[in-house]
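J.: Starting from these lines, generate the structure:
(chains A and B)
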There are 2 protein chains.
Amino acid sequence: MEKNPVTTLDAIRELTQSFPGPDEEAMAAARLREPQLTKPKGSLGRLEEIAEWLAGWQGKHPAQINLPRTIIFAGSHGITSQNVSAFPPEVNQQMISNFQNGGAAINQICKVFDIELKVMEAALEIPTRDFSREPAMDDGDCAEAVAFGMSGPDVGVDVLCIGEMGIGNTTASAAICHALYGGEAADWVGPGTGIEGKELDNKIRIVRESVILHKAVLVDGLEILRCLGGREMAAICGAIIAARLSRIPVLLDGYVTCAAAATLHSLDAYALDHCMVAHVSAEPGHRHLLEKINKIPLFDFGMRLGEGSGAALAVGILRSAVACHNGMATFEEATVTKKS
Amino acid sequence: MEKNPVTTLDAIRELTQSFPGPDEEAMAAARLREPQLTKPKGSLGRLEEIAEWLAGWQGKHPAQINLPRTIIFAGSHGITSQNVSAFPPEVNQQMISNFQNGGAAINQICKVFDIELKVMEAALEIPTRDFSREPAMDDGDCAEAVAFGMSGPDVGVDVLCIGEMGIGNTTASAAICHALYGGEAADWVGPGTGIEGKELDNKIRIVRESVILHKAVLVDGLEILRCLGGREMAAICGAIIAARLSRIPVLLDGYVTCAAAATLHSLDAYALDHCMVAHVSAEPGHRHLLEKINKIPLFDFGMRLGEGSGAALAVGILRSAVACHNGMATFEEATVTKKS
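T.: Alright, predicted model coming up:
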C-alpha cells in the first residue's frame, strides 16, 4: 500500500470522498456462477451473498481467502482516571504480553482458522487526555493515529479482521455514539468489562457530561473521534480506509470497533460498504449502533470481549462461502437434473 | 459401539427410557476453569456454554474435537408421486454421486473445517410408500432404518453433524410436525427445494389430508415417524440415539433433521439434550419447530439446503469454543491483574 501522507484530519476527510466502489464485473461473475451450482437456487442464503460481496470488494472473481489477518489495535485512555472500568489500565500492557505469548482468546481463534495475528500498539504508553475535561486528542495526534492504522493492512492480505483492546474504550465508544446519534447517554453505555450499579451510573454521567462539554466542536465524525475517541479507535478508522483503498474486505468486531467505524460512516454513508459486521455484542449499545450503520451481524453469541474475537470467528463462515462458491460442481459437471 | 438388537419400534421406545445424562463432573471442571481464563467473566458468551456442554456430553474435561464427522442420511419418498417437489426423485442418486465426487456444498464445508464426511443410503433404491395413501413404513422397516442409523457414529467420533438428503422430505417433515404439534398444515409447509403457488397449495393439502388419514394410529412420536417419515429420518433418530449412548455431542442441521429429532423429543423431553441446533433454516416451519423442541440455533443465514451444511458450518464455532477454553492462559499464568 502506498503510504498516504495523512497528517491532518482534513486529509482524511478528503480521502473518504474518493473511496472506490465494488468491482461490478467480479460481482456479476459471481452472480452468473451461483445458479449453476448443484443446489436449489438461493439455498445457501447468506453464504451466497458473502461470496458475491467478497468478489466485489476483493475486485476479483472468484474471491480467495489465502491470507486473512486480524489486527488488534491497542490504546490507552485518560478517561480511566474517572473510574469507568472494572479493570485497571495496567491490564493494557499485560494483555499485550498475553497476545504475544499466545494466551488470549484471539490467539486460539486465529489458530483455529489459520489467521495471521498482528498487534498494533497505538502509542500505548501515552494515554489520551481525559475527555471528561478536554478533547482526547488534538488534530495532529488523531491524524497520526489514523495514519498508523493505515499501515496495518499490507498488500496480500485478503480479509482483514479488526479488533481492539484498551481499558476504558467502551466509555469512549458510548460517548462517540451518543455524540453521533443522540438519544440518552444511558442508551449507549453498558457494563464493558463488568461494571454495574453506582459505577455504571457514574459511567453514564461521564458520557452525558462529556458530550455536553465538547458539543460546540463536535461538527462531524472525525471531530467526535478526536474529542471522545482513543488512538486505537482512530487507527481502526485508518485500517478501514486503507483496506478500502487496497481492496481488502473487512470484518468488524464488536462495539468499540463499530463505534470507531461509525465516525467514517457519518462522513459518507457508503464508507463501510466493504465491511461486514461479524457479530452483535452483549454490550447493549452495539445493537442500536448496528441499526444506525445499517449492518446485519452474522451471529449473536453474547460475546463482549473485543480483541477481534468475533471477527476472527466469522472467518470460518467466509471461508465456507468461498469454498462453496468456488469448489462446488455445476449441474452440468455433475449431471444433476435441474429444477423441473 | 455395541450393536443394539433393535428390530421393533418398541425396542427403541425402551432405549430412549434409559438415556444417560451429561457428565456432571466434567461440566463442573469446565465451570471451574472458565473464570480463571484471561478475559472478563462471561465475555465469550455462548462459546463458554458450548465448552461446558461439550465436556458434559463427551464425558470428559477438557472436551476435544479431533474427529468430527458429518453423516448425510439419504432416503427416497413415495410421496414424491404427489408432485410435492421442484426436483424429480432421480436427483437422489445423482446427488449421492455428487457427494462421492466431492462436488456438493457439504464437501466444501467439510474440507474447510476438516470434518470427515460419510454418506449413508437408507435403502435409497426402495422408496417409502406414499403416505397420502398408506403408512410410509411398517414397524419392522422403520426399526431397521433406525438400527441402520445407529451404526453411523463410530467410537472415536467426537462431534457428529447430522444432515440428510431426500427429494420429498420437507413434505414428510411438515407432516410429522403437523402431527406432533397440530396448528394448521400451512404453518409447517414451505417451498422446500423451491415450489410455490398452486404446487405449494397442493403440498399443504397433502400434508393436511395425510395427517387426518393416519390420525387414529399416530399415538406417539415413533408411530408418527413410521407413518409419515422416511427411512433417512428414522436413521437420523438412530444416529441421535447411538450418539447419546456413545457420548458424542451432536449438531443438528435444518428442518428435516430437526423434524426427525422431534419424534424422539416427543418421547422424552430430555432426549435431545446432547444435541445442539446449528442454524435456523429459511424453511419457515423450522423456526416454529425449534420453539417446540426448545432449541436456540447458533445462527440464521437463511440457508435451506440440508446435506448437513448448516451443522458442518457450526463446527468452526465449536472448535473455537474448545480452543479458547483449553488453550487460553489463566490470569495467574499470564500475570494479568484480575477485575478490581
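J.: What residues does the stretch 201-340 of chain A have near chain B?
T.: Proximity of the stretch 201-340 of chain A to chain B (CB under 8 Å from any CB of the partner chain) is limited to residues A:282, A:298-299, A:301-305, A:309, A:313, A:316-317, A:319-320, A:323-324, A:326-329, A:333-337, A:339-340. Heads up, the C-betas are built off the backbone N, CA and C, glycines and all.
J.: Ramachandran angles for the residue lying closest to residue A:275 once chain neighbours are set aside?
T.: Leaving aside its sequence neighbours, residue A:275 sits nearest to residue A:250 (CB to CB, 6 or more residues apart in numbering or on different chains; 4.2 Å). As for residue A:250, its main-chain torsions (degrees, to the nearest 10) stand at phi -120, psi 140.
J.: Can you report how many residues lie near residue A:250?
T.: Neighbours of residue A:250 under the rule other CB atoms under 10 Å in any protein chain shown: 25.
J.: How about the one 10 residues further on?
T.: A count of nearby residues for residue A:260, using other CB under 10 Å, gives 31.
J.: neighbours around residue A:281, how many?
T.: In terms of burial, residue A:281 registers 32 neighbours under the definition other CB under 10 Å.
J.: Could you check the pLDDT of it?
T.: With respect to pLDDT, residue A:281 has a value of 97.
J.: tell me the secondary structure for it?
T.: Per DSSP: H, G, I helix; E, B strand; the rest coil, the secondary structure class of residue A:281 is coil.
J.: hang on, the earlier thing: ok, so what distance separates the residue nearest to residue A:275 from chain B?
T.: Here the criterion is CB to the nearest CB, to the nearest Å. By it, residue A:250 lies 19 Å from chain B.
J.: Let me see the contact set for that residue.
T.: With contact set as CB atoms under 8 Å, 6 or more residues apart in numbering or on different chains, residue A:250 has these partners: A:159, A:160, A:161, A:162, A:239, A:240, A:243, A:274, A:275, A:276.
J.: Mind giving me the ChimeraX select for these, buried ones only?
T.: Here the buried members of these are turned into a ChimeraX selection, burial being counted by 16 or more other CB atoms under 10 Å in any protein chain shown:
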select /A:159,160,161,162,239,240,243,274,275,276
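J.: can I get the contacts of residue A:250 in JSON lines with distance to residue A:185 and pLDDT?
T.: Listed next are the contacts of residue A:250 as JSON lines, based on distance: CB to CB, whole Å; pLDDT from 0 to 100:
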{"residue": "A:159", "distance to residue A:185": "35", "pLDDT": "98"}
{"residue": "A:160", "distance to residue A:185": "32", "pLDDT": "98"}
{"residue": "A:161", "distance to residue A:185": "30", "pLDDT": "98"}
{"residue": "A:162", "distance to residue A:185": "26", "pLDDT": "98"}
{"residue": "A:239", "distance to residue A:185": "28", "pLDDT": "98"}
{"residue": "A:240", "distance to residue A:185": "26", "pLDDT": "98"}
{"residue": "A:243", "distance to residue A:185": "31", "pLDDT": "98"}
{"residue": "A:274", "distance to residue A:185": "31", "pLDDT": "98"}
{"residue": "A:275", "distance to residue A:185": "26", "pLDDT": "98"}
{"residue": "A:276", "distance to residue A:185": "29", "pLDDT": "98"}
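J.: Can you identify each of the strands in chain A by residue range?
T.: Taking DSSP state E as the test, the strands found in chain A are A:68-74, A:116-121, A:159-165, A:250-252, A:275-277.
J.: can you redo those as TSV with distance to residue A:39?
T.: Compiled in TSV, those are given as follows (distance: least, CB to CB, whole Å):
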stretch	distance to residue A:39
strand A:68-74	25
strand A:116-121	32
strand A:159-165	24
strand A:250-252	25
strand A:275-277	22
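J.: Out of those, which gets nearest to residue A:27?
T.: For residue A:27, the closest of those is strand A:275-277, at 14.8 Å, according to CB to CB.
J.: list the helices and strands that closest one packs on?
T.: For strand A:275-277, the packing partners by 3 or more CB pairs under 8 Å, 6 or more residues apart in numbering or on different chains; DSSP states H and E come out as strand A:250-252.
J.: Starting from the strand it packs on, tell me which strands it pairs with and how they run.
T.: Sheet pairing of strand A:250-252 (DSSP bridges) gives strand A:159-165 (parallel), strand A:275-277 (parallel).
J.: Can you add distance to residue B:267 and give these back as TSV?
T.: Supplementary listing: the strands paired with strand A:250-252 in TSV, determined by distance: least, CB to CB, whole Å:
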stretch	distance to residue B:267
strand A:159-165	44
strand A:275-277	41
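J.: Tell me which of these sits nearest to residue A:221.
T.: Judged by CB to CB, the one of the strands paired with strand A:250-252 that comes nearest to residue A:221 is strand A:275-277, at 14.9 Å.
J.: how many other residues sit next to residue A:86?
T.: Around residue A:86 sit 19 other residues, with neighbours defined as other CB under 10 Å.
J.: Residue A:21 too?
T.: Neighbour count for residue A:21, taken as other CB under 10 Å: 11.
J.: For it, give me phi and psi.
T.: In terms of degrees, to the nearest 10, the main-chain angles of residue A:21 are phi -90, psi -170.
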